[in-house]
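J.: this one's sequence-less:
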């Protein structure tokens, strides 16, 4: 197996900088769209053979150094007892949002191997087929809580912050249930064979530093502590560049960096004792290939102070991205970073 990614996670010397893309199995690939045209999104997530097929596609097409399980962060939320639907225009919809004690009390802390066995079945299939490591993942408790409280995506997260401020004990009760679910969910993926796990805190950036430290960070710390030493743990607090000193307190092994901060500055805030992942602006992939190559080179140079570096985008690859430009980015990373 190509273990370059795992070496970079551990801060070991590598022959080149490993690279993968968030949402690398997605709509920008014609091969993915062909599979997706036959089933709805949730069916794709819940059918191990299809989830494995689309997980493998970018590894073969882009020649990335790691695969990430095709799924969705809301899969365990559905298993906790919420009705989940995906709308092409509105995105995820969670019915009967969780906004009172009765709703929180109804939620279950899941046993992933029994409640979402299709996820573990997909992991087991992939471990047999892949020649690169596999990343399992989950949403972070705060990010999952926002969907559960708001009922979907939100602009201002008023309902979430109202619960945080007005009924902090209720918010804490909800977060504890989600935390326990995430620990079990990620542990089950590790038991099934995942080589690393990533915690996506997609909405961490809507919090002030004081609120992040009070309401979001403690649950992430407990998750990381429960998994520490088993596999590398990546924590990605999206739009949290101003809070990286707090983000580091999570205890993760690798930190995802979005494109809103210079990589060298991010490393300066985190310190040189941890690995980093990132941080090309996804829209750079709409530029000419010489621009892509130049931006890749700049990030590689500015990441040299880190314990280890995994090249990635600063967020998910966009559906309109030209495939040939994504391939050009991967090739540039491999070529320019070769020792």
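T.: Structure's in. What do you need? In this text, all values refer to a predicted model and were calculated from it rather than measured experimentally. Numbers count the residues shown, from 1 in each chain.
J.: and residue 190, helix, strand or coil?
T.: helix (DSSP: H, G, I helix; E, B strand; the rest coil).
J.: my error: substitute residue 108 in the last question.
T.: Taking three-state DSSP, the label given to residue 108 is coil.
J.: and it, how far from residue 209?
T.: Plainly put, residue 108 is 32 Å away from residue 209 if you go by CB to CB, to the nearest Å. The way it works is simple: take the backbone N, C-alpha and C, and place the C-beta from them, glycine included.
J.: before we move on, what about residue 2?
T.: Residue 2 sits 38 Å away from residue 209, going by CB to CB.
J.: poorly predicted segments of the stretch 151-300 of the chain, please.
T.: Scanning the stretch 151-300 of the chain for pLDDT under 70 picks out nothing.
J.: ok, now which ones touch the most centrally placed residue in the chain?
T.: By CA atoms, centre = their mean, the chain has its centre lying nearest to residue 200, at 3.9 Å. Neighbouring residues of residue 200 by CB atoms under 8 Å, 6 or more residues apart in numbering: 73, 137, 138, 139, 140, 143, 236, 238.
J.: look up which residues are beta-bridged to it.
T.: For residue 200, the beta-bridge partners under DSSP bridges are residue 139, residue 236.
J.: and the residue of the chain most remote from its centre, what element?
T.: Largest separation from the mean C-alpha position in the chain: residue 102, at 30.4 Å (CA atoms, centre = their mean). Assessed by DSSP states H and E, residue 102 sits inside helix 101-106.
J.: need the next SSE after that helix, C-terminal direction.
T.: The element immediately downstream of helix 101-106 (helix or strand, assigned by DSSP H and E) is helix 112-115.
J.: re the thing from before, what separates the residue nearest to the centre of the chain from residue 72, distance-wise?
T.: Here residue 200 is placed at a distance of 10 Å from residue 72 (CB to CB).
J.: equivalent analysis for residue 105, please.
T.: Here residue 105 is placed at a distance of 25 Å from residue 72 (CB to CB).
J.: same drill for these two, tell me which one is more crowded.
T.: Ranked by neighbour count (other CB atoms under 10 Å), residue 105 and residue 72 place residue 72 first, with 18 against 12.
J.: so who does residue 123 touch?
T.: Listed by CB under 8 Å, 6+ apart, the contact set of residue 123 reads 69, 134, 136, 189, 192, 193, 194.
J.: one more time with 10 Å, if that's ok
T.: Taking CB atoms under 10 Å, 6 or more residues apart in numbering, we find residue 123 in contact with 48, 51-52, 55, 69, 71, 134, 136, 188-195.
J.: state the helix or strand in which it lies.
T.: Following DSSP H and E, one finds residue 123 within helix 117-129.
J.: what ranges does the stretch 101-250 of the chain have for its helices?
T.: Along the stretch 101-250 of the chain, the segments classed as helices by DSSP state H, counting those that start in this stretch run 101-106, 112-115, 117-129, 141-150, 158-166, 168-192, 209-211, 217-227, 244-247.
J.: closest to residue 38 out of these?
T.: Of all those, helix 117-129 sits nearest to residue 38, with 17.0 Å by CB to CB.
J.: tell me the gap between that closest one and the middle of its chain.
T.: Taking CA atoms, centre = their mean, to the nearest Å, one finds the center of helix 117-129 at 18 Å from the center of the full chain.
J.: ok, back up a step: point out the most buried one among the helices of the stretch 101-250 of the chain.
T.: Comparing those by mean neighbour count (mean count of other CB atoms under 10 Å), helix 141-150 comes out on top with a mean of 25.
J.: chain center to it: distance?
T.: Counting by CA atoms, centre = their mean, helix 141-150 is centred 15 Å from the centre of its parent chain.
J.: now do it against helix 168-192, angle only.
T.: Counting by axes from the mean of the first three to the mean of the last three CA atoms, to 10 degrees, helix 141-150 lies at 120 degrees to helix 168-192.
J.: and helix 141-150, what does it pack against?
T.: Helix 141-150 is packed against helix 75-79, strand 91-94, helix 101-106, strand 134-139, helix 158-166, helix 168-192, strand 196-201, helix 217-227, with contacts defined by 3 or more CB pairs under 10 Å, 6 or more residues apart in numbering; DSSP states H and E.
J.: between the ones you listed, which one is closest to residue 112.
T.: For residue 112, the closest of the helices and strands packed on helix 141-150 is helix 168-192, at 3.8 Å, according to CB to CB.
J.: so what's the gap between the helix or strand hosting residue 9 and the chain middle?
T.: When elements are assigned from DSSP H and E, residue 9 belongs to helix 4-10. Taking CA atoms, centre = their mean, one finds the center of helix 4-10 at 17 Å from the center of the full chain.
J.: and for stretch 250-261?
T.: A distance of 11 Å separates the centroid of the chain from that of stretch 250-261, by CA atoms, centre = their mean.
J.: start to end distance for stretch 76-91?
T.: End-to-end distance for stretch 76-91, by CA to CA, to the nearest Å: 17 Å.
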